[in-house]
Every structure is written in C-alpha cells, then in structure tokens.
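Colleague: Curious how this folds, go ahead:
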Amino acid sequence: MGCLQYFVCIILCLLYYCPQECRSVTKPNIIFILVDDLRHLSDGTINLPNIQKLADEGVEFKNAFAQQALCAPSRNSMLTGRRPDSLRLYDFYNYWRDTAGNFTTLPQFFKENGYDTYSVGKIFHPGISSNFTDDYPYSWSEYPYHPPSEIYKDAAVCKDKFTRKLQSNLICPVNVMHQPSGTLPDIESLEAAVDILSRNNSKPFLLAVGFHKPHVPIKFPKEYLEQIPLNKVKPQRHPYMSHNTPTVAFHPWTDVRHRDDIARLNIPFPWGTMPYDWSLKIRQSYYAATMYVDDLIGQLMSWVDRRKTIVVLTSDHGWSLGENGLWAKYSNFDVALKVPLIISLPGQEPKSIHTPVELLDIFPTLVDYSGLAHNITNCQNSMDKSPLCFEGKSLKPLITDETKSVGNYFAVSQYPRPSVYPQYNSDKPRLKHIRIMGYSIRTKRYRYTEWISFNNTLFTIDWNKCYGVELYDHLTDRDESNNLYLVDKYKNIKQYLSRLLRSHVNRNYN
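Modeller: Take a look at the predicted model:
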C-alpha cells in the first residue's frame with residue numbers, strides 16, 4: 001500500500017470510529033430575502049407562485065408583525081434584535097453604535113462565527129441610520145452592493161398618458177429597455193446575488209438580498225399590469241376612517257400625495273380621500289409590482305441548494321391600500337405592520353403557524369438553528385448595553401411543537417406622532433418633534449393601542465397623558481374599522497390588554 005493510500009485509509013477509519021461530536025458539523029448557508037413595503041397579502045387577489053411555493057415547502061407564520069411601520073427603525077430593530085425604544089431610533093437620523101450601544105447585528109454574529117456575509121440591495125436603510133456604510137465592516141465581509149440604476153429611483157421617468165411628459169409619478173409601469181441604463185435596480189440586485197451564489201464558496205455564507213419594490217414609486221415592467229386587469233381588482237372594504245377612531249391614529253400619506261400624478265388630483269389635506277378610480281389603479285399597480293418581485297424571487301431561488309440552506313423571506317413592514325382612508329405605512333394598523341414571514345429549514349416539514357410573532361424573533365431563531373455556540377442572553381431592558389442580547393425570542397419551540405402553544409406569544413409595535421391632529425410631518429416625525437408614542441399589542445384575536453405622552457429628550461413616557469385608545473376584534477373586524485374601546489362588552493378585555501401592554505413596555509423602560 002502506497003503512502004497516500006495508507007494516509008487516506010487512516011483518515012477514513014478515524015472518521016468512521018470518531019464519535020459524532022468530534023466530527024466537523026456542516027454549517028447551513030442562509031439566504032435572507034427582505035422585500036420593501038410588502039404587506040401580508042391574503043385576499044386571494046393575486047397569484048404569487050414563487051413566494052407561495054416557498055411557503056408551501058417551509059414554515060409560514062400567518063401573524064408576523066414589524067416593530068414600527070417605517071423602514072430604518074424596523075430594519076435596525078430586526079437586524080439587532082432590539083426594539084426601537086432600545087435603539088432610540090424612530091426616524092432615519094441616528095446610528096445605534098454611536099447613540100444607543102455597540103449592539104451586534106444578525107449578519108455580524110454569523111461573520112464573527114466563520115461565515116462570509118453579503119448584502120445585496122436594500123438591507124439596512126441607507127444613510128446615517130447605518131453609518132452611510134450599511135454597517136460595513138461590522139456586518140459584512142464585502143462592501144454592500146447597491147444597484148447603479150438606483151440613482152434613478154425617484155427620477156422623472158414615468159410617461160404620463162395625458163401630458164405625454166416624463167413625470168415623477170406614484171404609478172409607474174415602464175418599458176425596462178427605455179429606462180436609464182436599460183434596467184431596473186431590483187434586476188441588477190438579482191444579478192449580483194446570483195453572481196455570489198455562483199462562486200465556489202469554501203465557507204458557509206449568509207446572503208441578504210433586499211428587493212426595493214413594491215416601495216414607492218410603484219415602478220415595474222409594464223407587462224405585469226396585464227396579469228392583474230383593473231376589473232379584477234377588489235376595492236378596499238372601508239375607504240373612510242371610522243368616526244370612533246382617534247385622530248392621532250390617522251396619517252396624511254404625504255409621500256403619496258406629493259407624487260406628480262396624485263398631486264394633480266388636489267386631494268384636500270389632511271382628511272381628503274383618494275378617488276375611487278385611483279384607489280383601484282394604485283392597488284392594481286401595487287399588486288403588479290409584487291408580481292414582478294415574486295418572479296425575481298423565483299429566479300433567485302433557482303440558484304439555491306435547498307438541502308443545505310436556511311431561507312428566510314419577510315418584509316420590513318406592510319402598506320395600507322386605502323383601508324380606513326390610509327395609504328402607505330406610518331401607522332399601528334394591521335395592514336401597516338403585518339408582513340409575510342417564511343422560514344424554510346432543511347429537513348423541516350412544512351406547516352403554518354397562526355400564533356403572533358415579531359420580526360425581532362428572526363435573529364434568535366437563526367442563531368438557534370445555526371448550531372453555533374454562543375453566550376446570548378435575554379436583554380434585561382431597553383438600557384441593557386450588552387453587545388449581544390435579544391428582546392425577541394426564538395421561534396424554534398413553535399416550529400418544533402405544533403400541538404400546543406409554547407410561552408406567551410404576542411406582538412408589540414409602536415409609532416410616533418408630533419401631535420394629536422395630522423399635520424405635514426405626522427407620517428415621519430423627526431425625533432425632536434415627537435410628542436406622542438402609540439404602543440400597540442397584537443394577540444391572536446385583538447389589537448389594542450394606547451397613544452401616550454413621550455419625552456423626546458429624556459426618552460420617557462407618561463401613561464397618565466393619553467391621547468387615544470383603540471381596540472379591534474379580528475374575529476369580527478379584520479379591517480380594524482370599528483373601535484370597541486368604549487363598548488361595555490369588551491371592558492374586561494380592554495383592561496387585560498392594557499395591563500399586558502403596559503407591563504411589557506414598562507419592562508423595557510426600567
């Protein structure tokens with residue numbers, strides 16, 4: 001026997017007789033797909049075959065909720081495992097490592113544990129909230145990729161059928177070949193992601209891919225409109241805000257109003273409603289843009305080896321499509337906070353879970369399934385400066401045990417307001433303008449919200465100064481159009497949810 005054959009034989013014998021714990025464990029790759037402004041679509045209006053295929057083969061969470069319906073706070077919360085109160089970020093204008101604490105991120109954890117980590121498209125919100133670097137080099141092995149054509153995302157490239165001019169419209173179906181650079185940002189992001197997947201990766205990797213649509217402007221290849229004819233689009237059931245909903249819950253959707261095509265409608269500010277025909281057109285375009293992203297996801301997944309890859313698909317928050325007179329995000333309503341969440345695990349049987357969960361839960365869940373040794377703890381409160389602790393919880397107990405409820409699961413979200421009545425900055429108030437914080441708790445059946453006083457310099461709250469209360473029963477009112485907080489039948493439910501909400505929020509402030 002030659003030396004080489006002898007050496008190989010010895011190695012094989014060692015592997016055969018070595019106990020399992022001494023053998024190297026193959027770490028799973030992770031694909032993290034984050035779609036911008038993708039609400040939980042459950043009305044059957046459109047067909048999303050690729051997202052549905054992923055749901056049918058994985059674990060689909062039917063009641064997953066963001067912590068705040070705004071891009072930067074939601075993304076930073078999800079990626080650090082900390083609530084907006086802990087990050088002290090409710091707008092776009094501070095970087096948590098400088099102002100809150102040197103908190104470890106989801107990709108940073110995996111990078112520090114032997115993974116190559118890649119960011120493609122919109123993962124962290126760009127700008128100061130991620131240090132103008134998407135948190136590189138802490139979170140990523142390579143500098144994050146942003147598609148070159150992204151510089152045209154708000155450009156006047158939408159052809160108006162009335163004026164024949166190019167405008168900055170809300171609704172913007174386009175001929176891709178006629179666009180600047182002859183492409184669209186999400187197409188470039190897909191190509192960059194496929195390039196990474198095509199590499200001969202010697203290490204396990206985490207690849208985060210952020211698709212920007214259906215975020216405004218609702219720009220997409222025009223052929224997708226043919227797949228969702230206008231006469232097939234269902235209108236919103238409750239196009240007006242209920243009379244018993246507090247004014248602080250309303251927002252004037254200024255980013256929609258300011259687009260050229262919508263501005264031309266001269267909708268009265270702030271209470272004016274979208275004309276019926278335009279409501280249908282916006283809904284149609286949102287669905288078409290979602291179909292476009294679904295196709296891109298299908299192309300991405302064709303490059304993924306599902307046998308050794310964990311796949312997570314979600315969104316940073318939802319998007320109102322005219323329900324209760326609201327458009328865009330910026331609220332505590334279900335349509336603004338509820339998102340798709342699918343986790344596909346190698347060897348895991350498919351299932352649907354209806355228990356409420358939070359985007360905060362993704363980080364600890366991935367750590368739990370990674371098999372990596374760690375010393376992660378639960379954060380004591382919002383002032384806990386530990387680099388690595390979680391305010392969310394691992395979803396592994398829910399995934400592995402479908403016969404009984406494990407723990408006390410509910411979702412807590414929040415949204416800031418500058419005043420009780422909607423004004424020009426009610427959608428996206430800067431920290432210095434925030435006077436009110438709406439805290440919301442979502443159980444399987446109810447959503448309960450209290451709008452209370454918030455001090456933007458001391459970061460304190462006062463439950464005794466309340467500007468509005470909301471209670472919705474999803475058993476009878478899934479659109480949250482009938483506020484029940486004064487209905488005597490729900491008095492005990494209101495008191496219970498108020499105590500539960502306050503105890504949870506107060507724990508973060510202690």
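Colleague: From the rest of the structure, what touches stretch 367-381?
Modeller: With CB atoms under 8 Å, 6 or more residues apart in numbering as the test, stretch 367-381 has contacts from 25, 27-28, 30, 82, 86, 109-110, 113, 310, 345, 364, 386, 388-391, 394, 396, 507-510. No exception for glycine: its C-beta is placed from N, CA and C like everyone else's.
Colleague: Kindly supply the PyMOL command isolating those of the residues you listed that are buried.
Modeller: Per 16 or more other CB atoms under 10 Å, the buried members of the contacts of stretch 367-381 correspond to this PyMOL selection:
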select buried, resi 27+28+30+82+86+109+110+310+345+364+386+388+389+390+391+394+396+508
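Colleague: Kindly format the C-alpha coordinates of stretch 86-102 as CSV.
Modeller: This file holds the C-alpha atoms of stretch 86-102, laid out as CSV (Å, rounded to 0.1, in the frame of the first residue of the first chain):
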residue,chain,number,x,y,z
SER,A,86,-33.7,50.4,22.8
LEU,A,87,-32.1,51.8,19.7
ARG,A,88,-33.7,55.2,20.3
LEU,A,89,-34.4,55.3,16.6
TYR,A,90,-37.9,56.3,15.4
ASP,A,91,-36.8,58.2,12.3
PHE,A,92,-33.8,57.9,10.0
TYR,A,93,-31.2,60.1,11.7
ASN,A,94,-29.0,58.3,14.2
TYR,A,95,-26.7,55.3,14.2
TRP,A,96,-27.2,52.9,17.1
ARG,A,97,-23.5,52.3,17.7
ASP,A,98,-22.9,56.0,18.3
THR,A,99,-26.1,56.8,20.3
ALA,A,100,-27.5,53.7,21.9
GLY,A,101,-24.9,50.9,22.2
ASN,A,102,-22.4,48.8,20.3
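Colleague: Show me what the closest residue in space to residue 110 that isn't next to it in sequence is bridged to.
Modeller: The shortest distance from residue 110 to any non-neighbouring residue, by CB to CB, 6 or more residues apart in numbering, is to residue 206 (4.7 Å). Per DSSP bridges, the residues bridged to residue 206 are residue 30, residue 117.
Colleague: so residue 206 sits right up against residue 118, yeah?
Modeller: Yes - with contact defined as CB atoms under 8 Å, residue 206 counts as touching residue 118 (7.2 Å).
Colleague: what comes up buried for the longest helix belonging to the chain?
Modeller: Longest helix in the chain, counting residues (DSSP state H): helix 276-301. Neighbour counts over helix 276-301 (16+ other CB under 10 Å) mark 278-297, 300-301 as buried.
Colleague: give me the number of residues near the residue nearest to residue 110?
Modeller: Residues near residue 206, counting by other CB atoms under 10 Å, number 25.
Colleague: Quick one: residues in contact with the longest strand seen in the chain.
Modeller: Using DSSP state E to define each element, the chain has its longest strand at strand 460-473. Outside strand 460-473, the residues within contact range by CB under 8 Å, 6+ apart are 245-249, 332, 334, 420, 436-438, 440, 445-455, 480, 482-485, 490, 493-494, 497, 502, 505, 509.
Colleague: if you skip the residues just before and after it, what's nearest to the one residue sitting closest to the centre of the chain?
Modeller: For the chain, the residue nearest the mean C-alpha position is residue 316 (1.6 Å; CA atoms, centre = their mean). Excluding the flanking residues, the one nearest residue 316 by CB to CB, 6+ apart is residue 74, at 4.3 Å.
Colleague: Show the backbone phi and psi for the one you found.
Modeller: Main-chain dihedrals, residue 74, degrees, to the nearest 10: phi -70, psi -50.
Colleague: Could you give the bridge partners of residue 158?
Modeller: residue 167.
Colleague: How many residues are close by it?
Modeller: For residue 158, using other CB under 10 Å, the count is 22.
Colleague: Residue 263 touches residue 254, doesn't it?
Modeller: No - contact criterion CB under 8 Å: residue 263 and residue 254 do not qualify, at 10.6 Å.
Colleague: More neighbours: which of the two?
Modeller: residue 254 (19 against 15).
Colleague: Residue 366 should be in a strand, yeah?
Modeller: No - read with DSSP: H, G, I helix; E, B strand; the rest coil, residue 366 is helix and lies in no strand.
Colleague: tell me the pLDDT at it?
Modeller: Looking at residue 366, its pLDDT is 96.
Colleague: Surely it touches residue 30?
Modeller: Yes - look at residue 366 against residue 30 with CB under 8 Å: they come within range, at 6.5 Å.
Colleague: Below-threshold pLDDT in the stretch 201-350 of the chain: ranges please.
Modeller: In the predicted model, the stretch 201-350 of the chain carries no residue with pLDDT under 70.
Colleague: Would you map the strands across it?
Modeller: Using DSSP state E, counting those that start in this stretch, the strands of the stretch 201-350 of the chain run over 205-211, 218-221, 309-315, 320-321, 327-328, 338-344.
Colleague: strand partners of the second one, parallel vs antiparallel please.
Modeller: Spelled out, that is strand 218-221. strand 171-174 (parallel).
Colleague: Need the contact partners of the strand it pairs with.
Modeller: The contact list for strand 171-174, computed with CB under 8 Å, 6+ apart, reads 157-159, 184, 217-222, 224-225, 261, 281-282, 285, 288.
Colleague: Just the buried ones from the residues you listed?
Modeller: Buried members of the contacts of strand 171-174, counted by 16+ other CB under 10 Å: 157-159, 184, 217-221, 224-225, 261, 281-282, 285, 288.
Colleague: Which pair of those spans the longest distance?
Modeller: Based on CB to CB, the longest span within those runs between 184 and 281 and measures 20.3 Å.
Colleague: how much space is there between the nearest residue to residue 218 once chain neighbours are set aside and residue 86?
Modeller: Excluding its sequence neighbours, the residue lying closest to residue 218 (CB to CB, 6+ apart) is residue 285, at 4.5 Å. Distance of residue 285 to residue 86, given as CB to CB, to the nearest Å: 36 Å.
Colleague: In this structure residue 435 contacts residue 417, no?
Modeller: Yes - contact criterion CB under 8 Å: residue 435 and residue 417 qualify, at 7.0 Å.
Colleague: who has more neighbours, these two?
Modeller: Remark: of residue 435 and residue 417, residue 417 carries more neighbours, 29 against 16, as counted by other CB under 10 Å.
Colleague: Distance of that one relative to residue 368?
Modeller: 36 Å.
Colleague: Quickly find the element holding the nearest residue to residue 244 once chain neighbours are set aside.
Modeller: Counting by CB to CB, 6+ apart, the nearest residue to residue 244 once its immediate chain neighbours are dropped is residue 483, at 4.4 Å. Assessed by DSSP states H and E, residue 483 sits outside every helix and strand.
Colleague: Determine the number of other residues adjacent to residue 474.
Modeller: If we define neighbours as other CB under 10 Å, then residue 474 has 16 of them.
Colleague: Now it, what are its backbone angles?
Modeller: phi -70, psi -10.
Colleague: quick one: contacts for it?
Modeller: Applying CB under 8 Å, 6+ apart to residue 474 gives the contacts 334, 444-447, 480.
Colleague: Mind checking which of the residues you listed are buried?
Modeller: Among the contacts of residue 474, the ones that count as buried (16+ other CB under 10 Å) are 334, 446-447, 480.
Colleague: Please render those residues as a markdown table that adds secondary structure and distance to residue 171 to the earlier fields.
Modeller: Compiled in a markdown table, the buried ones among the contacts of residue 474 are given as follows (DSSP: H, G, I helix; E, B strand; the rest coil; distance: CB to CB, whole Å):
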| residue | secondary structure | distance to residue 171 |
| --- | --- | --- |
| 334 | helix | 24 |
| 446 | strand | 35 |
| 447 | strand | 30 |
| 480 | coil | 26 |
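Colleague: ok, so of those residues, who is nearest residue 137?
Modeller: residue 334 (38.0 Å).
Colleague: Thank you, goodbye.
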